[in-house]
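[1] Using only what follows, build the 3D model:
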Amino acid sequence: MTRTYVTDEDLPAPLLWTGGGLLVVVVAGLFWAVWKSQFAAPPGYLFDTPTEAVEAGYCLAVAQEYLPAGAPVGSLQDEAAQFWIGRLRKLDVDGMGRAIVAGRAKLGADLKASHERDRAWFDYALDRCTRRAMNYGARFGSLED
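    Sure thing, here's the model as predicted:
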């Protein structure tokens, strides 16, 4: 039984250079397409809220209603509420109250749709809102301990 080995001498140089060049072009094209597509999608807001202001109102409502007795000073919920209030101020929306009311209304609809699993929804919503706040640049001291 004899073994046959393929060497560079068996493949013509133009074929190697053409195939290698084509591979580099394809990889570069795919890299460019993936890089461009990440900016193509419109920004999404949490929980299908229509605007950034309503998203902030929703997350503010989550932070304020997470603990029925109120959040202790310095807790994650307190820090999150302060962040979302500041975010609403920075957005400079006409009628900050309307955004908060719309956010609370959306939270109420989501809680109603959660079918008696309010606590699980609040946990999920607080986690998503906290992550979104951190994407916006928030730093939570309660998470750094």
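[2] Need the residues that contact stretch 68-83.
    Contacts made with stretch 68-83 from outside it, assessed by Cβ atoms under 8 Å, 6 or more residues apart in numbering, are listed as 59-60, 62-64, 66-67, 126, 129-130, 133, 136, 138, 140-143. Quick note: C-beta positions are derived from backbone N, CA and C, even for glycine.
[3] Sort out which of these are buried, if you could.
    59, 60, 62, 63, 64, 66, 126, 129, 130, 133, 138, 140 (16 or more other Cβ atoms under 10 Å).
[4] how near is the residue nearest to the third one when sequence neighbours are not counted to residue 33?
    The spatial neighbour of residue 62 that comes closest, neighbours along the chain excluded (Cβ to Cβ, 6 or more residues apart in numbering), is residue 125 at 4.5 Å. Residue 125 is 34 Å from residue 33, where distance means Cβ to Cβ, to the nearest Å.
[5] between these two, which one's more packed in?
    The neighbour comparison of residue 125 against residue 33 (other Cβ atoms under 10 Å) goes to residue 125, with 23 against 9.
[6] list the buried ones in the helix or strand containing the more buried one?
    Taking DSSP states H and E as the definition, one finds residue 125 inside helix 118-135. Using 16+ other Cβ under 10 Å as the test for burial, helix 118-135 gives 121, 122, 125, 126, 129, 130, 132, 133.
[7] chain center to that helix: distance?
    Its chain's C-alpha centre and that of helix 118-135 lie 11 Å apart, by Cα atoms, centre = their mean, to the nearest Å.
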